[in-house]
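In: what's the 3D shape of this:
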Amino acid sequence: SGPYATYMFQKQASLTTVKNLDKTRLVNIPNGMFQQCPNLTSISLPSTAVTVGNYAFQNCSGLTELSLGEGLTTIGRNAFSGCTSLVETVLPDSVTTIGANPFESCALLTSIAVSPDHPALAVVDGVLLTSRRDARRCPMQHGSVLQIGQAVLRLGVFAGLDVQEARPVIYAPAPEDLPY
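Out: This is a model prediction of the structure:
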């Protein structure tokens, strides 16, 4: 994966852009590599990148553009949590594993797109689900009400719900309506 160290650029307030990643042989974005880089505004991961580690971009509050390469298979726990300026992203079909709370406290994130034929993920009524139907991201705005449908079997530990930013009132289907 190259000479990249865990937490290598952590807390680098002067870091605004990362260029030429496509010219590297970067395979893994290590845990916390860009954690707490508040002025990082965009990142484009090359197709060679396979893994985004735990907390890799956590609290990059200025991140507005996120492009994930087609080779990416794994997004770690809290990888993009606290990216408060991120509005949308697309998860490529190659992503098959997502850790807990990958987009926690991303209050402006209103769109996570996956293809309808994605082998491991789906977005149903705005909720990002794994193939086991575990919720990995629930869209919540301040004062929002989220209705949980039959597609959800389990909510992840936090599933992106931030009770300080939103007051979730969760309506679940009656037990007789559940598919199990």
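In: Now for the nearest residue to E65 once chain neighbours are set aside: which residues touch it?
Out: Distances taken as C-beta to C-beta, 6 or more residues apart in numbering place S42 nearest to E65, at 3.7 Å, with adjacent residues excluded. For every residue, glycine as well, the C-beta is placed using N, CA and C. Residues near S42 by C-beta atoms under 8 Å, 6 or more residues apart in numbering: T17, L63, T64, E65, L66, S67.
In: Of those residues, which is the nearest to L128?
Out: Nearest to L128 among these, counting by C-beta to C-beta, is L66 at 14.3 Å.
In: my guess is the closest one meets L86, correct?
Out: Yes - judged on C-beta atoms under 8 Å, L66 makes contact with L86 at a distance of 6.1 Å.
In: Identify the contacts common to these two.
Out: Common contacts of L66 and L86 (C-beta under 8 Å, 6+ apart): F80.
In: Please identify which of the two sits among more neighbours.
Out: Neighbour totals were compared for L66 and L86, and L86 leads with 24 against 19 (other C-beta atoms under 10 Å).
In: Next up, the contacts around that one.
Out: Counted by C-beta under 8 Å, 6+ apart, L86 has contacts L63, T64, L66, F80, F103, C106, L108, L109.
In: Looking at the nearest residue to C83 once chain neighbours are set aside now. What's its pLDDT?
Out: Distance criterion C-beta to C-beta, 6+ apart; nearest residue to C83, sequence neighbours excluded, is L63 at 4.5 Å. Looking at L63, its pLDDT is 97.
In: what helix or strand is L63 on?
Out: Following DSSP states H and E, one finds L63 outside all helices and strands.
In: Now for the nearest residue to G71 once chain neighbours are set aside, how many residues are close by?
Out: Spatial nearest neighbour of G71, chain neighbours left out: S47 (4.3 Å); criterion: C-beta to C-beta, 6+ apart. By the measure other C-beta under 10 Å, the count of residues near S47 is 13.
In: ok, now G71?
Out: For G71, the count of nearby residues is 16 (other C-beta under 10 Å).
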